[in-house]
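K.L.:
Turn this into a model:
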Amino acid sequence: MKYYTKINEQEFVIEIDQDHEILVNEEPFCIDFQQLPDSGMVSLLLNNRSLEAVVAARNEHWEVLTDGELYNVQVQDDRAYRLAQARGTGFETSGEAQVKAPMPGLVIKVVVAVGDEVAKNDQVVILESMKMENELRSPRDGVVTAVKTEAGVSVEKDQILVVIGEPETDDDDA
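P.N.:
Got it, this is the predicted structure:
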């Protein structure tokens, strides 16, 4: 089965084989993937390299937290990808975006304020969880419309921390 995947700004074509092998942009990888029960965590062996991650489903994407970095991941199967391409929509993100806590933790720093313009992947919050500092980043370009936390506050998994709206447009026709 073929999947089109966008991780932050990079696109990958992933083909899954039945024999613990995948092709990523036609490069083979040996994999073993296990979802750990009741934890939201996954364990992945990728070419004998062990990785652990917290994976959370969001509206139109997945958030994957591994090694202190948060990745926004969009996945489309072959049919959905071709349909989106025919419509000219692809992986584009529009509308309001919410930055949520991927796991319970303590807010170390809020980097943005209401009204700030942010670019996709700009750091917006630093969250400490499991004795690691995790950088939470903007999933899109836009303007910060709400900040719902502050430094020193404990947050729960999926709690909304920052809301990002449409970027402002320059409509100065006069």
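K.L.:
Give me the mean pLDDT for the helix or strand encompassing Val107.
P.N.:
Take DSSP states H and E as the rule and Val107 turns out to sit in strand 105-110. Strand 105-110 shows an average pLDDT of 95 in the prediction.
K.L.:
let's number from 15 now, not from 1
P.N.:
In the new count, where the first residue is 15, that last one comes out as strand 119-124.
K.L.:
buried sites along that strand?
P.N.:
Neighbour counts over strand 119-124 (16 or more other C-beta atoms under 10 Å) mark 119, 121, 124 as buried. C-beta: built from backbone N, CA, C; applies to glycine.
K.L.:
Enumerate every residue touching the second one.
P.N.:
Under the criterion of C-beta atoms under 8 Å, 6 or more residues apart in numbering, the neighbours of Val121 are 139-142, 163-169, 175.
K.L.:
try it again with 6 Å
P.N.:
141, 163, 165, 167 (C-beta atoms under 6 Å, 6 or more residues apart in numbering).
K.L.:
likewise the first one?
P.N.:
Taking C-beta under 6 Å, 6+ apart as the contact definition, Gly119 lies against 141-143.
K.L.:
From the residues you listed, which land in helices?
P.N.:
Among the contacts of Gly119, no residue falls in helices (DSSP state H).
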